[in-house]
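**Student:** sequence first, then the predicted structure, then my questions.
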Amino acid sequence: MIDKIEKGKRIRGVTHYLTRAAIIAALYAAVTLVIYPFSFGYLQIRISEALTILPFFMPEAILGLFIGCIISNFFSPNIVILDVIFGSLATLLAALLTNQCKKLGKFGRWLAPLPPVLTNAVVIGLVIALSMTQSGEGSFYTIFLFNALTVGAGQLVACYGLGIPLSFILDKIKDKIKVK
C-alpha cells in the first residue's frame with residue numbers, strides 16, 4: 001500500500017514538473033514570436049528573456065526555457081540551424097547557471113540574470129556574426145564584437161529590467177503557486 005502511495009506521488013510530481021515546463025516553453029515561444037521584429041537580430045530585446053529568472057525559483061523552468069527557445073529559434077532570420085542548436089544551448093547553459101545562483105544567498109537574486117546576459121551576448125553574437133559573414137557582409141571580429149555588445153545590452157534590459165521585477169512578484173505569490 002505504501003509503495004502505491006509513493007508511486008502515485010512520484011507520478012504526480014513528474015506530471016507537475018512537465019506541465020510547468022510545457023507552460024513555460026509555450027509562454028517563452030509565444031512572447032518571442034508575438035514581438036518577432038524585436039526578438040531577433042543585432043538590436044534585439046527578447047522580452048521573453050525576462051523568464052530566464054524562473055530557474056532561480058523552479059528547476060522545471062530549465063527544461064521549459066530550453067524547449068521554448070528551440071521552438072522560437074526555428075523562426076530565426078539567421079542561419080536557423082546555428083540559432084536552433086547554439087542559441088538554444090546558450091539558453092540551457094544560462095538556465096542551469098541561473099538555477100545555481102540560489103546557492104549564493106541574498107546576492108543570488110541579483111546575479112541570477114547575469115548568466116543569460118553573458119551567454120547570449122557571446123553565443124548569439126557569434127551566430128549573428130557567422131550568419132552575416134557567410135554573405136560577405138564584413139569583418140567577422142568587428143561584426144561579432146558589435147553584435148555581442150548589442151545583444152548583451154538587449155539582454156540587460158530584458159533580464160534585469162523585466163526579470164528582477166518578475167522575481168519580486170514571484171516572491172509575493174510563491175506560496176500560491178508552490179514555488180520553492
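**Tutor:** Okay, I see it.

**Student:** quick check: buried residues in stretch 68-83?
**Tutor:** Across stretch 68-83, burial judged by 16 or more other CB atoms under 10 Å covers 68-73, 76, 78-79, 82-83. Glycine gets a C-beta too; all of them are placed from N, C-alpha and C.

**Student:** what's the end-to-end length of it?
**Tutor:** 13 Å (CA to CA, to the nearest Å).

**Student:** who's in contact with that stretch?
**Tutor:** Contact partners of stretch 68-83, identified using CB atoms under 8 Å, 6 or more residues apart in numbering, comprise 24-29, 32-33, 36, 39-41, 48, 51, 84, 87-88, 91-92, 124, 127-128, 130-131, 134.

**Student:** and the residues you listed, which are buried?
**Tutor:** 24-25, 27-29, 32, 39-41, 48, 51, 84, 87-88, 91-92, 124, 127-128, 130-131.

**Student:** in helices, which of the residues you listed fall?
**Tutor:** 24-25, 27-29, 32, 39, 88, 91-92, 124, 127-128, 130-131 (DSSP state H).

**Student:** of all those, the one with the weakest confidence?
**Tutor:** Scanning these for pLDDT, the smallest score is found at residue 131, 85.

**Student:** thinking again about what came up before, now, which of the ones in helices among the buried ones among the contacts of stretch 68-83 sits nearest residue 112?
**Tutor:** When those are compared for distance to residue 112 (CB to CB), residue 91 wins out at 14.2 Å.
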